[in-house]
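Chemist: Below: sequence and its predicted model.
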Amino acid sequence: MKQSSAALPSIRLFALTALTVAVLAACGGGDSSDSNSAKSSNSTGGSNDTGSKSGTPAASQKASFLPPASTAQSVAATGDPIADSIAYLNAMRHNVGYTTALSIDEGLMTSSQNHAVYLADNSILSHNETAGQPGFTGATPGVRINAQGSYTAWGEVTSAGDARAFTDSLVAVRLLFDAPYHRVIMLDNLASMGVGSASSSTWGAFNIDFGNMTSALSGTQVIAYPYPNETDVPTDWYVNEIPSPFASAPQYNQTYTGYPITIQGNMLSKLNSVSYTVTDSGGNAVPCQLQTPANDTQLTNAAMCVPFKPLNSSVTYTVHVVGVLTTFGANGTQNSPLDLSWSFTTKAASTTKAQRVNSGGVRPPAVL
């Protein structure tokens, strides 16, 4: 988002609002990608909307899920990373319950492609650019995005690395979506996007810029991923995200852990007093790394639980999350009790191994 007053993880967005609500984005929205923060899958963002914490608190209403789609969509790789990534992200958003797809914005397409070219030309991963370097178009995501138009909010997520790791046209967007900090931004109530992809003989780069917010996610609704009753969920995740949810347990970085479980409210909300319980089909507890706004300055409207070990194949897991969803708006502050349970089922063993992104000994690209 554009001028954010608070900094989030690399992947998080800054909320430019008077509420100083930080939005989750790889490269948080703001006037600089640093201030916006960027993750391994770099995402940044910000918001120009204003709000007020004053006023009479709204009547309490229990938080509920944005109803997931009755029919899930899937996308197969065609060889076109831009078209495939647009289709993939809109399919994921459709599956969790958004009824309107992200629109394609030409200005965001330009800023995103320019940055992907810069990363590929300079063989780096960053939300920032240095004047004088090949392909330079703007020092920060905010500068590059705002040069293309007027956006009430913005965000950026980025992935780059060894060109050999981009084995198909969906690898980059899947890496970003699987990375929990970046996933949050990709599922935020944003309105438009632009996708860029570039490569040299040795370095691949992929970038998505987001713009504007929508009211598609109300102040009492949340989105979980994996979403309720989802099937074919990956069992594991390769930890190569900046920032890392395992900052306090670095031994898990660059290893396979369980697939991240996230929950989030809209961009102008905050989660408080969050606790997770994850159990397998036998009722056994699944230990995980819990990151919430209480222990993670990169988070505001979201929380995540990353199992320490890969999940088992073809198993149904149940998640129970308790907390408070606080929404700030023109009508004051609303606190909604959060007490939700849902289940998802993991992939079969035969497909889990085949879809590991670093098969062949090449480390997966990082996400920032």
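Modeler: Now that the structure is in, tell me what you want to look at.
Chemist: what ranges do the strands span in the stretch 1-150 of the chain?
Modeler: For the stretch 1-150 of the chain, the strands defined by DSSP state E, counting those that start in this stretch cover 45-47, 64-65, 103-104.
Chemist: so who does residue 189 touch?
Modeler: By Cβ atoms under 8 Å, 6 or more residues apart in numbering, the residues touching residue 189 are 213, 214, 215, 216, 217, 266, 267. Quick note: C-beta positions are derived from backbone N, CA and C, even for glycine.
Chemist: Around residue 147, count how many other residues there are.
Modeler: 13 (other Cβ atoms under 10 Å).
Chemist: What score does it have for pLDDT?
Modeler: pLDDT, residue 147: 97.
Chemist: From residue 208, how far out is it?
Modeler: Distance, residue 147 to residue 208, using Cβ to Cβ, to the nearest Å: 17 Å.
Chemist: Nearest residue to residue 170 in space, ignoring adjacent ones along the chain?
Modeler: Sequence neighbours aside, residue 77 is the residue nearest to residue 170 in space, at 4.6 Å (criterion: Cβ to Cβ, 6 or more residues apart in numbering).
Chemist: quick one: contacts for that neighbour?
Modeler: Per Cβ under 8 Å, 6+ apart, neighbours of residue 77: 84, 168, 169, 170.
Chemist: wait, residue 294 sits on residue 273?
Modeler: Yes - using Cβ atoms under 8 Å, residue 294 is in contact with residue 273, at 7.4 Å.
Chemist: Looking at the two, which one has more neighbours?
Modeler: Neighbours were counted for residue 294 and for residue 273 using other Cβ under 10 Å; residue 294 has more, 14 against 11.
Chemist: any idea of the pLDDT on that one?
Modeler: At residue 294, the model reports a pLDDT of 97.
Chemist: Correct me if wrong: residue 171 contacts residue 165.
Modeler: Yes - look at residue 171 against residue 165 with Cβ under 8 Å: they come within range, at 6.9 Å.
Chemist: for residue 124, phi and psi?
Modeler: phi -140, psi 170 (degrees, to the nearest 10).
Chemist: Am I right that residue 341 is in a strand?
Modeler: Yes - judged by DSSP: H, G, I helix; E, B strand; the rest coil, residue 341 forms part of a strand.
Chemist: How about the contacts made by it?
Modeler: 318, 319, 320, 321.
Chemist: can you list the domains in the chain?
Modeler: Annotated domains of the chain cover 65-216, 218-350 [the TED database].
Chemist: Need the winner for burial among these.
Modeler: domain 65-216 (a mean of 22; mean count of other Cβ atoms under 10 Å).
Chemist: any idea how far residue 309 is from residue 287?
Modeler: From residue 287 to residue 309 the distance is 8 Å (Cβ to Cβ).
Chemist: Could you identify which of the strands of the stretch 1-150 of the chain has the lowest mean pLDDT?
Modeler: For these, where the average pLDDT is lowest is strand 45-47, sitting at a mean of 47.
Chemist: re the thing from before, which pLDDT value belongs to the residue nearest to residue 170?
Modeler: 97.
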